[in-house]
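Novice: predicted model and sequence follow; I will ask about them next.
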Amino acid sequence: MFQPKPMTHLLIAAPKEQMASVVTELYRHRVFHITDFVDQGKEGYEGVRLGTPLEGAGELSTSLLKIRSIENVFQTSPETLFDVPKRPVATIRQAIERELPAIEAEVNDLTVQRSAAESRIRECEQRINELKPFALVPLEMDLYRGYDSITAIAGYLDKDVDISVPHEKYYAARKDGNFIVVFVETKDAAEIERTLSDAGFQSVTIPNETGSVQAAVDKYTADQSQAKVVFDTANAKISELKAKYADLLAACDEVLSGDVERAEAPLRFATTEEAFVVDGWVPADHIEPITAGLNQATGGCVYVTVDDDEIDATAIPVEYNNPSFAKPAELFMDVYAHPRYNEIDPTLILAIMFPIFFGLIVGDVGYGIIFLILALFARKLAMFKGEGGKNLIKILVGSSISTIFFGLLYSEFLGYALPWHAIIFQRHLAIGADAAAHATGPDAMPMLIMSVWFGIAYITLGRIFGMINHYRMDHPGKHRSKAILGQLGWIAILWGLLILVWSFFSMEQMFGIVGMMPDFTTAPLIAPGLSVAALGGLILLVLGCIFLAQENVLDLMEIPTIISHVLSFCRIAAVGLSSVAIAMVVNYLSFGMFIDPALANLDAVGVIMIIVGVLIFVCGHALNVGLGILGGGLHSIRLHYVEFFTKFYVGGGIKYNPFGLKRKFSEE
Amino acid sequence: MAIETMTVEAAQAMASGYTAIGAGLAVGLAGVGTGLGEMGIGAAAVGATAEDRDMFGLALLFTVLPETIVIFGLVISLLLLFQ
């Protein structure tokens, strides 16, 4: 809680002949995060170099490459496949040996067929395009060639030209370029080409065909459709194979990837002539089993040391350590940044407060039920794939339950009032038929004050976390004390300002609200206009400014952000009220203006009015549901990211990525 | 003269009318400000997301940053209308 899993730095040294057993054992445990050895020629590392892959790595990579190329043909990838039944590893290995070569041969065959057909289709198309203009000339294709002293020139030009030498000319005016064919004596050809090029002539090659143009075009068209049939058949066969083997291929890919990862692991080790060292991290509670396992696997020929030396915390891999209900919120944390090892991990606060903010903002039983149904549908249809998608759905489910809960407290159902009066805040506006019932309007002020309290609490907590983080993460010394004092300064300024406000303004006098904020206006005066409370606030404010300035004078310019960040929490009240307003306006538009009047006097026009009213009702609430998810979700998460995390959270830690395979398609 | 003959009720109605206009302006103008702010960020965010799909979360976050402005406008209009 608030801390990542404790990690221990482990160094494993063994003779080289034990490398395979060490790798296999580490792989089996799947808890060891390997720190890659970088061969930088550091002092004390003379003669130590990167390891070489285990035997057979090359063949494994080649097999994997083959599978990947088939997957490429199938346009599938293990990342996009979900909910595939797992296969035993032994069966998969058998399949790699026996079935894979046949599949590969078949797929290769089909791809060759397909690409041959594809190029044939393209070739025919080109030929047909070349022949098309010649269809305008009443000549057979044989007549264009085979002369000793006559040359045929064909091409497009802008306008017809007069040719001075003896010739025979065919000219066809067309919208997309005038086509011309000229037969001249070969000795005049150069001159003719000059004349033509003055008229914007672009020559085309004369196709090497025989017989009539139409016959040639027909031949190519027939060829093309034949090739298309071959192409489609090959494609259909490939799709068939894909449906049959995609899962198996994904499983083979997984097993082989694992093998390759294992075989190439020594590339991350430091090795000498005779021995090697693996540097890495394990969760503290896994040291025992992994040490015992290594000893057993190597027959005691391994030396495992726990390294207690202090290491830069940014180099330590970070694994979340949260109760299971808070796990989905890790998704939101990773969108922002993975926490560092020695800083406070605020996932738990996010996991608890996000749904509460969401519920406070939307707070409507009807919408809550719709969100819940949407979330359950999305889960059923597996609309969001993978781990992240599942977590997102879990968060949505939590948020919808919170929305229903606050909807019951607010007494709201799709903008209508439930049979009881609002228990915490009344949010209905004086709109529509029930306007009289809500004539007092919503409890906007109390809600805003509650939001501001959230802001004050969050910012104070953020600064306290900031102090703790500075204490843990900075090097002991003057700089650290200054930074911690600076954070304290922020808290002092915030509370100094608050006390000053409370000693000059009374919520009761201004808004008639009692008990939601302290009232220091009646505090005893020590000078005209200056009460004890005001003096206290002033002292806090000045102290805070001094604390802040001693860290960095420029920070004083940032003081207004205290106000804007606290007020930013007002969105909890404001966005919520606007959502209620939209819902009530939709209800008024649909029922108040269309459906109710139509029902009172039902006729043909009335039926149309009812249909229009229902349409408005459905579309309006659908819009509000969308806005609710977007508004409720985005604003809640942003309050954490922008107003809370910026006070203390650094992030940028290394993700804990244990050496080993997360099995998705295979099982031992 | 219209003003001299205005009754108390008419004056109150006029005052509440002006309040409503003020509330509308508060939300509307703040909305324009937010829109202007989000315009540039949104364009850059779409570009970044097109380059790298993983940027989506962060890009969305940056895009909604100026939303605070319109929230302030909304708060002011709520204060005007319901205090």
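Specialist: Structure received. Residues are numbered from 1 along each chain as shown, chains lettered A, B, ... in the order given.

Novice: for the helix or strand hosting A:Lys244, what is the average pLDDT?
Specialist: Element membership of A:Lys244 [criterion: DSSP states H and E] is helix A:213-264. Averaged across helix A:213-264, the pLDDT comes to 90.

Novice: now swap in stretch A:555-569 and tell me
Specialist: 92.

Novice: now do the contacts for the nearest residue in space to A:Ile103 that is not next to it in sequence.
Specialist: Spatial nearest neighbour of A:Ile103, chain neighbours left out: A:Tyr245 (5.8 Å); criterion: C-beta to C-beta, 6 or more residues apart in numbering or on different chains. All C-beta spots, glycine's among them, are computed from the backbone N, C-alpha and C. Neighbouring residues of A:Tyr245 by C-beta atoms under 8 Å, 6 or more residues apart in numbering or on different chains: A:Ile70, A:Phe74, A:Ile103.

Novice: and with 10 Å instead?
Specialist: A:Ile70, A:Glu71, A:Phe74, A:Thr76, A:Ala95, A:Glu99, A:Leu100, A:Ile103, A:Glu106, A:Val107, A:Ala251, A:Cys252 (C-beta atoms under 10 Å, 6 or more residues apart in numbering or on different chains).

Novice: looking at this, the second one is in a helix?
Specialist: Yes: secondary structure of A:Glu71 (DSSP: H, G, I helix; E, B strand; the rest coil): part of a helix.

Novice: neighbours of the residue of the stretch 101-250 of chain A found nearest chain B, just the number please.
Specialist: Chain B sits closest to A:Ala250 of the stretch 101-250 of chain A, with a gap of 21.5 Å, by C-beta to the nearest C-beta. Using other C-beta atoms under 10 Å in any protein chain shown, A:Ala250 has 23 neighbouring residues.

Novice: chain center to stretch A:538-548, what's the gap?
Specialist: 43 Å (C-alpha atoms, centre = their mean, to the nearest Å).

Novice: got the CA positions of it in PDB?
Specialist: The C-alpha trace of stretch A:538-548 is given here as PDB (Å, rounded to 0.1, in the frame of the first residue of the first chain):
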ATOM      1  CA  LEU A 538      -1.400  36.500   7.900                       C
ATOM      2  CA  ILE A 539       1.500  35.000   9.900                       C
ATOM      3  CA  LEU A 540       0.900  31.600   8.200                       C
ATOM      4  CA  LEU A 541       0.800  33.300   4.800                       C
ATOM      5  CA  VAL A 542       4.000  35.300   5.400                       C
ATOM      6  CA  LEU A 543       5.800  32.300   6.800                       C
ATOM      7  CA  GLY A 544       4.700  30.200   3.900                       C
ATOM      8  CA  CYS A 545       6.000  32.800   1.500                       C
ATOM      9  CA  ILE A 546       9.400  32.800   3.300                       C
ATOM     10  CA  PHE A 547       9.600  29.000   3.200                       C
ATOM     11  CA  LEU A 548       8.700  29.100  -0.500                       C
END
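
Novice: contacts for it next, please.
Specialist: A:482, A:484-500, A:503, A:530, A:554-556, A:558-559, A:562.

Novice: filter those residues to the buried ones?
Specialist: Buried members of those, scored by 16 or more other C-beta atoms under 10 Å in any protein chain shown, are A:484-500, A:503, A:555, A:559, A:562.

Novice: what about the lengthiest helix in chain B, near chain A?
Specialist: What stands out as the longest helix in chain B, according to DSSP state H, is helix B:8-51. Yes: applying C-beta under 10 Å from any C-beta of the partner chain, one finds helix B:8-51 in contact with chain A at B:Val27.

Novice: counting by contacts, list what that helix packs against.
Specialist: helix B:56-64, helix B:67-82 (3 or more C-beta pairs under 10 Å, 6 or more residues apart in numbering or on different chains; DSSP states H and E).

Novice: between it and helix B:56-64, how big is the angle?
Specialist: Angle, helix B:8-51 to helix B:56-64, by axes from the mean of the first three to the mean of the last three C-alpha atoms, to 10 degrees: 150 degrees.

Novice: least reliable of the helices and strands packed on helix B:8-51 by average pLDDT, please.
Specialist: helix B:56-64 (a mean of 81).

Novice: what residue in chain A comes nearest to chain B?
Specialist: Closest point on chain A to chain B, by C-beta to the nearest C-beta, is A:Val335, at 3.5 Å.

Novice: what's the neighbour count on that residue?
Specialist: 16.

Novice: try A:Glu274
Specialist: Count around A:Glu274 with other C-beta under 10 Å applied: 8.

Novice: test my guess that it contacts A:Lys16.
Specialist: Yes: between A:Glu274 and A:Lys16 a contact is recorded at 6.0 Å, counting by C-beta atoms under 10 Å.

Novice: ok so, going back, other SSEs contacting the following helix or strand past the helix holding A:Lys244?
Specialist: The helix or strand immediately downstream of helix A:213-264 is strand A:270-271, counting by DSSP H and E. Under the contact criterion of 3+ C-beta pairs under 10 Å, 6+ apart, strand A:270-271 touches strand A:49-50, strand A:275-283.

Novice: so for A:Tyr303, which of those sits nearest?
Specialist: Nearest to A:Tyr303 among the helices and strands packed on strand A:270-271 is strand A:275-283 (9.1 Å), distances taken as C-beta to C-beta.

Novice: state the mean pLDDT of the helix or strand hosting A:Glu104.
Specialist: Element membership for A:Glu104 (DSSP H and E) is helix A:89-131. Mean pLDDT, helix A:89-131: 90.

Novice: sheet-wise, list the partners of the helix or strand following it with their directions.
Specialist: Downstream of helix A:89-131, the next assigned helix or strand under DSSP H and E is strand A:150-157. Strand A:150-157 has the following strand partners under DSSP bridges: strand A:178-185 (antiparallel), strand A:202-203 (antiparallel).

Novice: which of those strands is buried the deepest?
Specialist: Most buried of these, by mean neighbour count (mean count of other C-beta atoms under 10 Å in any protein chain shown): strand A:178-185, with a mean of 21.

Novice: okay then, goodbye and thanks.
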